[in-house]
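Enquirer: Okay, here's the prediction I keep looking at, along with the sequence it came from:
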Amino acid sequence: MSARGARLGLRTAALGYLFLLLAAPVGLIFFRTFEHGLGPAWEAVTTPEAQHAFYLTFVMIAIAVPLNTVFGVTCALMLVRSRMPGKALVNALIDMPFAVSPVVIGLALVLVYGNDGWFGGWLTERGIQVIFSVPGMILATIFVSLPFVVREVVPVLREIGTEQEQAASTLGASGWQTFRRVTLPSIRWGLTYGIVLATARALGEFGAISVVSGKLSGETETATLFVEQRFHQFDLTGAYAASMVLAVMALTTLLAMNFLNRRRTH
Amino acid sequence: MAYLSLIVLIPLAAVVDKSLEDGFDTFWAAVTNEQALAALKLSLVASGIVAAINAVTGTLIAWVLVRDDFRGKGVVNSLIDLPFALPTIVAGLTLLALYGPRGPVGIDVAYTKVAVILALLFVTLPFVVRAVQPVLMELDEEMEEAAASLGAGNLTIFRRVILPNLTPAILAGVALAFARSVGEFGSLVLITGNLPFDTEVASVFIFGQIESDRVIGAAAVSVVLLAVSLVVLLGISVASRRGARHER
């Protein structure tokens, strides 16, 4: 077989696989959504229930991502710049959310914050309900999107070293000033990339949230749970339409990732 | 640290604690319960198959993206990350739309073990590709040219020159894909039908146990999954440390 033939063969195999696994199914969702025209799809995603689901997803992101960003930068600084015991343990813990099944994450939160959980009694006495309500869902979202910012910022911090920071502090800059004027600008692309990844993960979370939410339609139902619920109600148009909105958000994320990747490598 | 323990450490500890609440015998009985065993076995076997397929297809796709040149390569390259960005429930629904009972191509794998593999292949697609791609980019083509000038054929060059250089990256990607597959839930709930003893994977089994209030059973199987992911994580970190030492 000629080299050219081999190359074409491999290309066809790779693209064929990607088409069958990725492009065709996702493309079909777009087609199915608008099969009966724009009207039914539009109606399906503008019912009060659907709107509330997307609103709740937005709330999850708005709370979990900023918290994880602050935590991520602090934690990355600590991991790279300070010498402290137990760094290996912290490192391993941060990666846990990548490796643990979302359902296990949900169960874990129920066992700690649920009514019969470790902190459940204390919380119930104070009238705070975490599980089967929004706070638990926020905890779940924080858990699953925790590692992204840390993992993107750590390598950048290693790369830039401490020379500039030391120069700034010899020139009399305070710790905060050094961070804001020297460190932050140099990590900004890595940081933004981490935030984009965390947002995508928070947007799509399903397993953990489905355990802790109790799935009360119009109350504790996020966009992904809404898709499942519509599907089980045999409302395929609704399920497809909501999926399509989520897919468009995913594609937007993809574009952002692409753009940031290019910026980062420059 | 407090944040990390409140959100990650304490909850995971609670799972282990719960699973052993009624002693080790209860834990063991819950794990070796027939339905639990079937679910665990399916998760591990399917993840193994998926990891193996990914080792081949992932390397192939990475090679095509790095060494080949065609129009639209940039688009294909960014599409690779789609499974990371797309919510898993949507991934399951899209696969069901195409390869389900009402699919337009007449292939219906819904509610079979093939569906489990298909969904897992979808969500793990990026791992091997993204692990191998940067290594392949760095790889010096002079080595291959030298081999070719010494009379080695394409296949020999691939097997003797390229593959040994890629192996660590392939293994790292495969390990990540395996870890992800073992715990996968969202993409599977719609397309597998969750039939006990047939298409029910471990995470779906755990979910069922939680729903029917058998918390200890859920916790026990969770501990097994936690142990598997810990082993894989440790393996990756040991392997990457060893790799880093070799480079020096």
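Expert: Received, thanks.
Enquirer: CA atoms for contacts and neighbours, from now on please.
Expert: Noted.
Enquirer: which non-adjacent residue is nearest the residue in the stretch 1-150 of chain A positioned nearest to chain B?
Expert: The stretch 1-150 of chain A approaches chain B most closely through A:S101 (4.0 Å), counting by C-alpha to the nearest C-alpha. Excluding the flanking residues, the one nearest A:S101 by C-alpha to C-alpha, 6 or more residues apart in numbering or on different chains is B:G183, at 4.0 Å.
Enquirer: Quick one: low-confidence residue ranges for chain B.
Expert: B:1, B:243-248 (pLDDT under 70).
Enquirer: can you check chain A too?
Expert: Scanning chain A residue by residue, the ranges that satisfy pLDDT under 70 are A:1-2, A:265-266.
Enquirer: that older thread, residue contacts, the residue nearest to A:S101?
Expert: A:99-103, B:43, B:202-203, B:225 (C-alpha atoms under 8 Å, 6 or more residues apart in numbering or on different chains).
Enquirer: how near is it to A:Y193?
Expert: 25 Å (C-alpha to C-alpha, to the nearest Å).
Enquirer: end to end, how far does stretch A:180-188 reach?
Expert: End-to-end distance (C-alpha to C-alpha), stretch A:180-188: 11 Å.
Enquirer: buried set for that stretch?
Expert: Across stretch A:180-188, burial judged by 16 or more other C-alpha atoms under 10 Å in any protein chain shown covers A:182-183, A:187.
Enquirer: Turn the residues you listed into TSV, including distance to chain B and secondary structure.
Expert: Formatted as TSV, the buried residues of stretch A:180-188 follow (distance: C-alpha to the nearest C-alpha, whole Å; DSSP: H, G, I helix; E, B strand; the rest coil):
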residue	distance to chain B	secondary structure
A:V182	25	helix
A:T183	22	helix
A:I187	21	helix
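Enquirer: can you put those residues in TSV and add distance to A:G72?
Expert: Output for the buried residues of stretch A:180-188, formatted as TSV (distance: C-alpha to C-alpha, whole Å):
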residue	distance to A:G72
A:V182	18
A:T183	14
A:I187	12
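Enquirer: between those, which is closest to A:A76?
Expert: A:I187 (10.9 Å; C-alpha to C-alpha).
Enquirer: list the contacts for the closest one?
Expert: Contacts of A:I187 (C-alpha under 8 Å, 6+ apart): A:153, A:156-157.
Enquirer: any idea which of those residues has the most stuff around it?
Expert: A:V153 (26 neighbours; other C-alpha atoms under 10 Å in any protein chain shown).
Enquirer: ok, it touching A:L191?
Expert: Yes - in this structure, A:V153 is within contact of A:L191 by C-alpha atoms under 8 Å, at 5.7 Å.
Enquirer: In three-state terms, label B:V105 for me.
Expert: With DSSP: H, G, I helix; E, B strand; the rest coil as the basis, B:V105 sits in coil.
Enquirer: for it, phi and psi?
Expert: Main-chain dihedrals, B:V105, degrees, to the nearest 10: phi -100, psi 0.
Enquirer: would you list every one of the helices in chain B?
Expert: B:2-4, B:10-19, B:23-32, B:34-67, B:73-79, B:82-85, B:88-99, B:113-138, B:141-149, B:154-157, B:163-183, B:186-189, B:202-211, B:215-247 (DSSP state H).
Enquirer: I'd like the ones you listed as TSV, with distance to A:A241 appended.
Expert: Output for these, formatted as TSV (distance: least, C-alpha to C-alpha, whole Å):
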stretch	distance to A:A241
helix B:2-4	37
helix B:10-19	35
helix B:23-32	40
helix B:34-67	30
helix B:73-79	21
helix B:82-85	18
helix B:88-99	11
helix B:113-138	21
helix B:141-149	48
helix B:154-157	47
helix B:163-183	27
helix B:186-189	17
helix B:202-211	25
helix B:215-247	34
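Enquirer: mind checking how far the spatially most central residue of chain B is from B:N54?
Expert: The residue lying closest to the centre of chain B (C-alpha atoms, centre = their mean) is B:A177, at 2.6 Å. B:A177 sits 8 Å away from B:N54, taking C-alpha to C-alpha as the criterion.
Enquirer: okay, and the common contacts of the two?
Expert: B:124-125, B:128.
Enquirer: Neighbour count and distance to A:Q177 added to these, as TSV?
Expert: Below are these laid out as TSV (neighbours: other C-alpha atoms under 10 Å in any protein chain shown; distance: C-alpha to C-alpha, whole Å):
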residue	neighbour count	distance to A:Q177
B:T124	27	42
B:L125	28	43
B:V128	28	41
